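> Structure for the following, please:
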Amino acid sequence: MTKPMRSGYVCLATVALTTALLTGCAQRAPDTGAVAPGGGARIGEPPLLTAQVATPVQLRQGHPQRYVVQPGDTLWGIASRFLASPWRWQEIWQQNPEIGNPHLIYPGDTLELYYEGDAPRLRLTRTDAGTRTGTVATESGERPIVKLSPQIRVEPLEDPIPTVPRDRIRSFISKSRVVSSDVWEFQPYIIGAEVDRILFFTGDRIYVRGGDFLDRAVYQVFRPGEMYRDPRTGEPLGYQLEYLAEAALEDVNSDPAVLRLISTEQGVRTGDRLFAPFNEDVVFQFAPRPAPPDIEGQIIATLSGGFLVGRDQSVVINLGEIDGVEPGHVLVTTDEGEVVTDPVTGEPVLLPAERSGVVMLYDVFDRVSYGLVMEASRTIRVSDDVRSPL
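The predicted model follows:
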């Protein structure tokens, strides 16, 4: 049995841009992998396969010819300045090999629009201000000259921009997850504490057994909450776990192992289980791109607990890794269609479903995913359908 992995780092494949578009993969990864400072968006992820591109990329009316990245920008926000469909960002992005770490965008970088034939492209130039190296954008818009003499490469000190605002999803990344009943049973569990109480709190020592060998300094404590089910089949999709506390490992050599609760949001009790925390910044390392064209699903819940949802709110979708979705995949939402009364016949008539918004997935589990509503042209509801924008 394997443990679940959190959303993920990006696998990059390097192929000459003059001969083919790149293809790539995104996986969920634990906190053992190296990440960029601040968990920035790896915008150099490979573009889409040409088979998925139905129409030429459309630039947004009034788009800039060049844009200087500002602190607080996001990759989605910048893509929205240039493109009518921001999720097609990778189709116009061109890496600059003369720049150190060209997969990341930093405040102060300049993005410049140009054309290869009729196809729009974006390239990045980076100012050289002591903390940076690279090329400098010219006022004429011409490709700058790159000096090839030996030099020391100095990486930017600022954090790279994230794909989406960190504060919109950070709590869901760090303190929320969905697991199957099998995975839940596999985790280490609390059998008691040094205090004679039903509930245990910060400062209490707890005793733990089961699961794999405990080798982390800190663990998170969870309790099973709502069981998500497929709205059409009723099939169980996984437990939404309820975050309770953090516990630090004190003695792993004893049986049971000894940990101490270092913070609690709710009282902990016997039977609650431990999970290794994940690096929350890993989730910001993806670029928006359309979900595969055959993907269809439904919004089954909101992470705020309501029935209605708007822009910058998180939803739960009944699509997961087994369905082929990944962090960064974009879906459009459609409502169920309103029932109206025919004014002539008096019969009820179901109006066609209308597009209501755009959702980008940011955390993908086995059977469900968390997504952030990026656009909402009308009210989005639990039970609305989702599908690929292609």
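> what's the host helix or strand of Tyr115 packed up against?
In the assignment (DSSP states H and E), Tyr115 maps to strand 110-116. Counting contacts by 3 or more Cβ pairs under 8 Å, 6 or more residues apart in numbering; DSSP states H and E, strand 110-116 is packed against strand 66-68, helix 75-82, strand 119-125. C-beta: built from backbone N, CA, C; applies to glycine.
> Okay, now the sheet partners of it, with direction.
If you go by DSSP bridges, strand 110-116 pairs up with strand 66-68 (antiparallel), strand 119-125 (antiparallel).
> What residues sit buried inside the last one?
Applying a neighbour-count criterion of 16 or more other Cβ atoms under 10 Å, one finds 120-125 buried in strand 119-125.
> quick one: which of those residues is nearest Pro64?
Leu122 (10.6 Å; Cβ to Cβ).
> can you give me the angle the strand holding Tyr115 makes with helix 75-82?
Angle, strand 110-116 to helix 75-82, by axes from the mean of the first three to the mean of the last three Cα atoms, to 10 degrees: 50 degrees.
> tell me the SS of the nearest residue to Val340 once chain neighbours are set aside?
Excluding the flanking residues, the one nearest Val340 by Cβ to Cβ, 6 or more residues apart in numbering is Val349, at 5.6 Å. Secondary structure assignment for Val349 (DSSP: H, G, I helix; E, B strand; the rest coil): strand.
> separation between Val349 and Asn96?
Distance, Val349 to Asn96, by Cβ to Cβ, to the nearest Å: 55 Å.
> So which of these two has more stuff around it?
More crowded of Val349 and Asn96, by other Cβ atoms under 10 Å: Asn96, with 19 against 12.
> Quick check, that one in contact with Leu122.
No. The pair Asn96 and Leu122 fails to qualify as a contact (Cβ atoms under 8 Å) at a distance of 10.3 Å.
> thinking again about what came up before, now do the residue nearest to Val340 against Pro292, distance only.
33 Å.
> Which phi and psi values does Gly108 adopt?
The phi/psi pair for Gly108 (degrees, to the nearest 10) reads phi 100, psi -20.
> Could you tell me how far it is located from Thr270?
Noted for Gly108: a distance of 53 Å to Thr270, by Cβ to Cβ.
> longest strand of this protein?
Scanning the chain for the longest strand, with DSSP state E as the assignment, gives strand 236-251.
> next structured bit after that strand?
strand 257-264.
> Which elements pack onto the helix or strand just after that following strand?
For strand 257-264, the following helix or strand on the C-terminal side (DSSP H and E) is strand 273-275. If you count contacts as 3+ Cβ pairs under 8 Å, 6+ apart, strand 273-275 packs onto strand 189-193, strand 218-229.
> Save those as a markdown table, and put in distance to Gln65, mean pLDDT and mean neighbour count too.
Below are the helices and strands packed on strand 273-275 laid out as a markdown table (distance: least, Cβ to Cβ, whole Å; pLDDT from 0 to 100; neighbours: other Cβ atoms under 10 Å):
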| stretch | distance to Gln65 | mean pLDDT | mean neighbour count |
| --- | --- | --- | --- |
| strand 189-193 | 59 | 96 | 18 |
| strand 218-229 | 46 | 95 | 18 |
